[in-house]
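Student: What shape does this take:
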Amino acid sequence: MARARTRTRVTRNPLVAAALVLTVGATGLAAWGGWSWYGAANDDSLAFAQKRDEVLAAGRQAVQNMNTLDHRDLKGGLDTWEDSATGDLHRQLVDGRSRFERQIQESGTVTSAKVLSAAVTELDDRAGRASVMVALRITVTAPKGEPARKESRMLGELTRTPEGWKLSALGQAPVGNTAAE
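Tutor: Prediction:
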């Protein structure tokens, strides 16, 4: 036999094998991560969560605005009230503005509110309506005397307007057991 046998010897280097396994694993994880990111970015629940956060921020601020008024800047305070409202609530504020002005000027009070907690209780994005519950600490300072503080829970209804979400109704939340005995 004149032909020489040539054999190619394959080396089985453990580092090359480990690098290959790591490369395949990293490629798989990158593909899975990309797919997950794409799915999350295009998920309807993400868009809904963003709307809910937008409604919550608007509701918190509007309820706080409606519970804050300083007799020294009455025009600015009442303007803020009106800017925070829409629909029937806005109409009530505009119609009652002169009466509010007289009452606050006579009392000389400063009322401020701090939001303690808030939650969206309902959101219908298609209809442009939402509801929030807001817990507040309200401080009323009369011209003479110590500030009086009370905690209150308010229920607000919001309506989407071209300027954003605004309060369309606001009232006290019921407290305690309301079930008939």
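Student: Spell out the residue ranges of the helices in this structure.
Tutor: In the chain, the helices defined using DSSP state H lie at 14-41, 44-66, 74-83, 87-95, 97-107.
Student: who touches the shortest one?
Tutor: Same thing as helix 87-95. The contact list for helix 87-95, computed with Cβ atoms under 8 Å, 6 or more residues apart in numbering, reads 78, 81-82, 85, 100, 159, 166-170. Yep, even glycine has a C-beta here, placed from its N, CA and C like the rest.
Student: Pull the number of nearby residues for residue 176.
Tutor: Burial measure for residue 176: 5 neighbouring residues, criterion other Cβ atoms under 10 Å.
Student: whoops, residue 100 was the one
Tutor: A count of nearby residues for residue 100, using other Cβ under 10 Å, gives 15.
Student: ok, it to residue 125 distance?
Tutor: Here the criterion is Cβ to Cβ, to the nearest Å. By it, residue 100 lies 33 Å from residue 125.
Student: about what we covered before: mind putting the contacts of helix 87-95 into CSV with distance to residue 61 and pLDDT?
Tutor: Compiled in CSV, the contacts of helix 87-95 are given as follows (distance: Cβ to Cβ, whole Å; pLDDT from 0 to 100):
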residue, distance to residue 61, pLDDT
78, 16, 96
81, 12, 97
82, 14, 97
85, 12, 98
100, 20, 91
159, 15, 98
166, 10, 98
167, 10, 98
168, 15, 97
169, 16, 97
170, 13, 97
